[in-house]
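S.K.: kindly return the folded structure for what I paste below:
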Amino acid sequence: MLLGTVLLWALNITVTKYMFEHGWLPLAYGTIRYFAAIALFWIFTYRRERSFRIARADLRYVLLAALFIFANQVCFVYGVKLANASTVALLLGATPVFIGLISVVLGLEALAPAFWVGALLTFAGVGLIAAAATGGLGSSLGGDLIAIVTAFTWAAYTVSIRPLMRRYSPYRISALVLAIGWVPLAALASQQLAEQSFSFGWKVWLGFGYAVVGPLFLTNILWFTAIDRVGPSRASLFGNLQPFFAVFFALVLLGESLHTLEIAGGVLIFAGIAYERLRRRPVTPALDTPP
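M.R.: Predicted coordinates for the structure are as follows:
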């Protein structure tokens, strides 16, 4: 299940790039895709739990997480639109470091020195990838910068749902957060939705169906089921492989190529994450509950 989840997520970046190359507008694609996936996930969650209720005091966490999901999806579609799929995949590998940094800033964790060494290696890799970019903010450089923000917003979302995960199932949280985050996404996409043409070939519709069912619907079920069975530590190790599978798919299926600096940057990102994981020692959380 972990390997299947990682592969589904990894292929999604390549499929998304293919969608944009064949007529989909970024916000229209993201909005319609999310609406279809949310409908499926709400049906699944209601059949499983028979309720979406949460305590009123927890609504602030749901709204905050929904805000980060909204920002993440906007950044994701434009990052993939402007940059190579392989480059976006490499930059998303920095997500675990952003999670650690946000946790430190909020006082949720006290991290060992190994984390800071890994963070320096990772951000050095991010810098090399950005240095390889060409053009201005409307081309690959802009796409790289947006991809970095995509990694940050996903990290912020991950941290923001931590208190909710102690009290509710991940399925209920995902159903609520995705639905609420979709509302501003749909509002922002209104113009593109009006301009979007739907005269696509069967390959595009097949890719769109995959993008709805695979990385948005099935992965939520597979990922959280696997975490329940093997624990978050093992799951996170598999999750770190996602960017490199994603690069492989982009190189093979889209015919992309990597600049030497991008390869070096990817190696540094992987080295930073691997170093932190291998040298990690149990640490005492600085705070049991978020502020």
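
S.K.: let's verify the spatially closest residue to residue 91 that is not a sequence neighbour: helix, strand, or coil?
M.R.: Sequence neighbours aside, residue 147 is the residue nearest to residue 91 in space, at 4.2 Å (criterion: C-beta to C-beta, 6 or more residues apart in numbering). (C-beta placed from N, C-alpha, C; glycine too.) Put simply, residue 147 is helix when judged by DSSP: H, G, I helix; E, B strand; the rest coil.

S.K.: counting neighbours, what do you get for residue 147?
M.R.: A count of neighbours around residue 147, defined by other C-beta atoms under 10 Å, yields 29.

S.K.: got it, and residue 59?
M.R.: Number of residues near residue 59 (other C-beta under 10 Å) recorded here: 12.

S.K.: and it, what element?
M.R.: Assessed by DSSP states H and E, residue 59 sits inside helix 59-82.

S.K.: state the mean pLDDT of that helix.
M.R.: Here helix 59-82 scores 95 as its mean pLDDT.

S.K.: name the helices or strands packed onto it?
M.R.: When contacts are defined as 3 or more C-beta pairs under 8 Å, 6 or more residues apart in numbering; DSSP states H and E, helix 59-82 sits against helix 2-21, helix 26-49, helix 85-92, helix 140-160, helix 162-165, helix 170-188.

S.K.: need those helices in TSV (columns: mean pLDDT and distance to residue 275).
M.R.: Converted to TSV, the helices and strands packed on helix 59-82 look like this (pLDDT from 0 to 100; distance: least, C-beta to C-beta, whole Å):
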stretch	mean pLDDT	distance to residue 275
helix 2-21	92	20
helix 26-49	93	34
helix 85-92	88	17
helix 140-160	88	18
helix 162-165	86	24
helix 170-188	93	29
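
S.K.: could you identify which of those is most buried?
M.R.: The highest average neighbour count among the helices and strands packed on helix 59-82, using mean count of other C-beta atoms under 10 Å, belongs to helix 85-92 at a mean of 27.

S.K.: now that helix, how far from the centre of its chain.
M.R.: The chain centre lies 11 Å from the centre of helix 85-92; the measure is C-alpha atoms, centre = their mean, to the nearest Å.
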